[in-house]
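Novice: Kindly return the folded structure for what I paste below:
(one chain, ligands or ions: 2)
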Amino acid sequence: MVRDAIEAVIKAILNEKVFLNELDEKIGDGDHGSNMAGGAQAAKEVLAEQDDDATLKEILQALGDAVTENVGGSAGPLYGAALQEAAKVLKKNSKLDAVTLEKIFGAAVEAIQLRGNSRRGDKTMLDVLIPIRETFRATNCAGKTFEDILTDARDAARDGLEFTKTIAARKGRAAALGDKSIGFEDPGAASSLIIFRTLCSKWKDSLRS
Ligand code: ADP
Ligand code: MG
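Specialist: Ligands and ions are numbered 1, 2, ... in the order given. Down below sits the predicted model:
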């Protein structure tokens, strides 16, 4: 299931490479899709090297190391650190439920905030990733099925990307544009949504099968 989900993410990123470059052309330097495609390529190689019985913890750790080492731009090291810290909170046999997802996204968000010195509202990938993490908090999950929680998280991620259109960038290259960055989606927030949307649809498929 994990392997299948990661393969789907790799495919989605490669499909959206041109779109992500175009978003980054508007408020950055036009390379976000290419940087993410480099990450997808590195992820492909990591997956090929994993034993059949590799745990999610081991796979995320290997992905984090590969992305940190091989992926350029500011997004590469940020996504790399997020994956490495997410791997650390997992146990060998962690079950992928809302509690675990809250820990994974919590660790990822904190890693990005620490490395990027950034927060919600700066017009970055955090504007998608923080709302996802919030959705998985126990108080927001009470009385909901796992499928409903995933739907809420995906909607929160989509709203987060929409929100980046309405604000001026305070971090990354787009920050140099100030108010001129208003009206455009943040490329990193867009790639985070693509990744999460793909994972959600794979998780939902696996709940039904
Ligand atoms: P670069 O900006 O170096 O060209 P990319 O184009 O690959 O790198 O990535 C740009 C994305 O990285 C932005 O759209 C934003 O989401 C994210 N980003 C940049 N700086 C930060 C930061 N300090 N904190 C969080 N995210 C950031
Ligand atoms: Mg760029």
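
Novice: contacts, neighbours, all on C-alpha from now
Specialist: Will do.

Novice: residue furthest from the geometric center of the protein?
Specialist: When distances are taken from the C-alpha mean of the chain, Gly143 lies farthest, 26.2 Å away, according to C-alpha atoms, centre = their mean.

Novice: Tell me how far that one lies from Ser118.
Specialist: Here Gly143 is placed at a distance of 33 Å from Ser118 (C-alpha to C-alpha, to the nearest Å).

Novice: Quick one: name whatever helix or strand follows the helix or strand harbouring Gly33.
Specialist: Secondary structure from DSSP states H and E places Gly33 in helix 32-49. Counting by DSSP H and E, the element after helix 32-49 in chain order, helix or strand, is helix 56-70.

Novice: Spell out which parts of this structure neighbour ligand 2.
Specialist: Counting by C-alpha under 5 Å from the ion, the positions of the chain adjacent to ligand 2 are Asp29, Asp31, His32.

Novice: so how many other residues sit close to Lys44?
Specialist: When neighbours are counted by other C-alpha atoms under 10 Å, Lys44 registers 16.

Novice: Who are the contact partners of it?
Specialist: Each residue near Lys44 by C-alpha atoms under 8 Å, 6 or more residues apart in numbering is listed here: Glu7, Ile10.

Novice: Do any residues in the helix holding Gly33 lie close to ligand 1?
Specialist: Yes - looking at helix 32-49 against ligand 1 by C-alpha under 6 Å from any ligand atom, the contacts come from His32, Asn35.

Novice: Can you list the buried residues in that helix?
Specialist: Within helix 32-49, the residues scored as buried using 16 or more other C-alpha atoms under 10 Å are 32-44, 46-47.

Novice: What distance do you get for Lys95 to Val2?
Specialist: On the measure of C-alpha to C-alpha, Lys95 and Val2 end up 12 Å apart.

Novice: These two - which one has more neighbours?
Specialist: When Lys95 and Val2 are compared for neighbours, Val2 comes out ahead with 15 against 12, by other C-alpha under 10 Å.

Novice: contacting residues around the more buried one?
Specialist: Neighbouring residues of Val2 by C-alpha under 8 Å, 6+ apart: Leu56.

Novice: before we move on, what about Glu102?
Specialist: When contacts are counted by C-alpha under 8 Å, 6+ apart, Glu102 touches Arg133, Glu134, Phe136, Arg137.

Novice: go on, Phe196?
Specialist: By C-alpha under 8 Å, 6+ apart, the contact set of Phe196 is Arg154, Ala157.

Novice: re the thing from before, so which of the contacts of Glu102 comes closest to Asp148?
Specialist: Using C-alpha to C-alpha, Phe136 comes nearest to Asp148 of the contacts of Glu102, at 11.0 Å.

Novice: CA atoms only for stretch 92-112, dumped as CSV, please.
Specialist: The C-alpha coordinates for stretch 92-112 follow below in CSV (Å, rounded to 0.1, in the frame of the first residue of the first chain):
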residue,chain,number,x,y,z
LYS,A,92,8.4,-0.1,13.5
ASN,A,93,4.8,-1.2,13.4
SER,A,94,2.9,2.2,13.5
LYS,A,95,-0.6,1.9,12.2
LEU,A,96,-1.5,4.6,9.7
ASP,A,97,-4.5,6.2,11.5
ALA,A,98,-5.4,9.8,12.4
VAL,A,99,-3.3,9.7,15.6
THR,A,100,-0.2,8.6,13.6
LEU,A,101,-1.0,11.1,10.8
GLU,A,102,-1.2,13.9,13.4
LYS,A,103,2.3,13.0,14.6
ILE,A,104,3.7,12.7,11.0
PHE,A,105,2.3,16.0,9.8
GLY,A,106,3.2,17.6,13.2
ALA,A,107,6.8,16.6,12.8
ALA,A,108,6.9,17.7,9.2
VAL,A,109,5.4,21.1,9.9
GLU,A,110,7.8,21.7,12.8
ALA,A,111,10.8,20.7,10.7
ILE,A,112,9.8,23.1,8.0
